[in-house]
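In: kindly generate the corresponding structure for this input.
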Amino acid sequence: MLDDFLVRAMLASVGVALAAAPLGCFVIWRRMAYFGDATAHAAVLGVALSLAFSLPIFVGVLAMCLIMAITVSSLSGRGFAMDTLLGVMAHSSLAIGLVAVSFLSGVRIDLMSYLFGDILAVGKSDLLLIWGGAATVLFLIIWRWSGLLLSTLNADLALASGFKPKQEQMILTIALAIVVAVAIKVVGVLLIAAMLIVPAATARAFSQTPETMAIVAAGIGAFCGLAGLQSSYYFDTPTGPTIVCVCALLFVITTIVARAYRVLTTGEKV
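Out: So this is what the prediction gives:
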């Protein structure tokens, strides 16, 4: 069954969605959208280093994403405004990565596939990495759910409950780096942040509790992955961007519907 490239693409899109969407809920709750973007941009430098030292792409990308995330976490609150710090590091790492790739001689690289993804080229080994990474991220989220949630809501409450906010933030950072490393093949560096944020933002309209939002976000992400893949096949469009377009369209539709529902039921002004 896995010899069919479309089946592998479907499994890859679902695997990435199941990991990215629940994690995206924490990204939204903590207002870390630009943090995810900065971590994703560091992946290009990881690709360049992997090719330069003949390492697996996954290893180099994961290492650079971890370095970026840990560096930003360490420097935040030490005289640097978070948005300024993230802006500098995100664009600098992307630019350095692109320059580094240009210096690689004797290595053929399809840069577009890393920037926007190439889900149709996912192989069996890639599929194993994607689902292994997704399982790891889901395990971390479920295992540390209470600590992550309390640390997100109130650091003092988390400390009083026996959790360490800094440790929980580091776990979230590691999970984010893993998601970026496994998602680069599916949607690419420039679109990973969308897969983190848009399904979670869409799920907010249907959710009354944090747990519900995480579960609904995972379902929405998986649906958008499959629908985007089908739309890409039908309209002959780039697959990664098409998946994100489906996510964005669903977000717009649900926002309008939710707004209309509130107007009809509560009399709220438009």
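In: quick one: mean pLDDT for stretch 172-190?
Out: Stretch 172-190 comes out with an average pLDDT of 86.
In: oh, I was asking about stretch 213-233
Out: Summarised as a single mean, pLDDT over stretch 213-233 is 93.
In: tell me the contacts of D110?
Out: Counting by CB atoms under 8 Å, 6 or more residues apart in numbering, D110 touches D118. Any C-beta I mention is one placed from the backbone N, CA and C, and that applies to glycine too.
In: my bad, V27
Out: Contacts of V27 (CB under 8 Å, 6+ apart): A33, F35, G36, L176, L196, I197, A200.
In: from the residues you listed, which two are the most distant?
Out: F35 and A200 (14.0 Å; CB to CB).
In: grab the CA positions of stretch 8-20 and hand them over as CSV.
Out: The C-alpha trace of stretch 8-20 is given here as CSV (Å, rounded to 0.1, in the frame of the first residue of the first chain):
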residue,chain,number,x,y,z
ARG,A,8,2.3,8.2,1.5
ALA,A,9,1.4,11.9,1.0
MET,A,10,-2.0,11.4,2.8
LEU,A,11,-0.3,9.7,5.7
ALA,A,12,2.4,12.4,5.9
SER,A,13,-0.2,15.2,5.9
VAL,A,14,-2.2,13.6,8.6
GLY,A,15,0.9,12.8,10.7
VAL,A,16,2.1,16.4,10.6
ALA,A,17,-1.4,17.8,11.3
LEU,A,18,-1.9,15.5,14.4
ALA,A,19,1.4,16.9,15.9
ALA,A,20,1.3,20.5,14.7
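In: quick one: the helices in this protein, in order.
Out: With DSSP state H as the criterion, the chain has helices at 5-29, 33-52, 57-75, 82-102, 111-116, 124-143, 145-153, 155-160, 165-183, 192-203, 210-235, 239-266.
In: all set, thanks.
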